[in-house]
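A.B. asks: Quick check, what structure comes out for this input:
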Amino acid sequence: MERDAESIQTRLEELKARCRKSGMNVTPQRIAVYRALLESEEHPTPEALFASVREGMPSISLATIYKTLEALQRLGVCHEISRLGEARRFEANLDDHHHTVCTRCGRVADFDDERLGSLSPPPGLDGFVPTGIHVQVVGLCGACAGSPDPDDEI
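C.D. replies: Below you'll find the predicted structure:
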């Protein structure tokens with residue numbers, strides 16, 4: 001996903017249009033949270049977004065972050081990544097892609113593989129109708145794989 005200023009501004013204008021179309025107010029909080037999500041190279045937790053947005057908006061609460069993320073999901077401009085460990089994580093990248101998840105440091109990164117994009121849902125799902133397939137590859141990121149496990153040093 002592109003994160004240049006022009007791309008972010010375009011996505012913010014799309015958010016405003018979607019808010020107006022759905023009858024939702026365009027609030028400074030929604031804009032700030034969505035901007036922080038667009039600018040993030042991580043898959044931030046609500047708490048990370050809170051820390052980021054709070055720098056420019058000291059009166060914002062963590063509850064507002066959660067409510068805003070729910071509103072942004074309803075508008076279809078972001079989504080929650082399937083539960084990855086303990087923390088909820090969100091992203092604004094709506095393109096088809098998959099994730100790697102480091103079991104040591106918790107880093108989540110996007111990746112794409114054409115072979116995975118052509119997977120078909122398995123048969124026999126008891127009436128379940130899949131709308132997409134998202135793969136999570138779990139293991140150690142390059143930094144963690146190249147360093148000793150701190151738990152082994154105890």
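
A.B. asks: Which parts of this structure are strands?
C.D. replies: 79-84, 87-91, 98-102, 108-111, 136-139 (DSSP state E).

A.B. asks: for the spatially most central residue of the chain, what are its contacts?
C.D. replies: By Cα atoms, centre = their mean, the chain has its centre lying nearest to E91, at 1.8 Å. Residues counted as contacts of E91 (Cβ atoms under 8 Å, 6 or more residues apart in numbering) are L37, S40, H43, C78, H79, I81, D110. C-beta here means a position set from N, CA and C on the backbone, and glycine is covered the same way.

A.B. asks: Just list the residues touching the closest residue to Q136 other than its chain neighbours, thanks.
C.D. replies: Leaving aside its chain neighbours, Q136 sits nearest to H99 (5.1 Å; criterion: Cβ to Cβ, 6 or more residues apart in numbering). H99 is in contact with H43, I81, L84, V108, A109, D110, F111, H134, V135, Q136, V137, counting by Cβ under 8 Å, 6+ apart.

A.B. asks: For the nearest residue to the fourth one once chain neighbours are set aside, list the residues it contacts.
C.D. replies: Once flanking residues are discounted, V108 sits nearest to H43: 4.3 Å by Cβ to Cβ, 6+ apart. Taking Cβ under 8 Å, 6+ apart, we find H43 in contact with I81, L84, R89, F90, E91, H99, V108.

A.B. asks: returning to that earlier point: scan the contacts of H99 and report the most crowded one.
C.D. replies: Highest neighbour count within those, by other Cβ atoms under 10 Å: H43, with 24 neighbours.

A.B. asks: and the gap between that residue and S82?
C.D. replies: Separation of H43 from S82 (Cβ to Cβ, to the nearest Å) stands at 11 Å.

A.B. asks: quick one, longest helix in the chain?
C.D. replies: helix 5-22 (DSSP state H).

A.B. asks: Please identify the buried residues of it?
C.D. replies: Using 16 or more other Cβ atoms under 10 Å as the burial criterion, the residues of helix 5-22 that qualify are I8, R11, L12, L15, R18, C19.

A.B. asks: Next, count neighbours for E80.
C.D. replies: 15.

A.B. asks: Run through the bridge partners of it.
C.D. replies: F90 (DSSP bridges).

A.B. asks: That one and Q73 touch, don't they?
C.D. replies: Yes - the criterion here is Cβ atoms under 8 Å, and E80 meets it with Q73 at 6.7 Å.

A.B. asks: Noted, bye for now.
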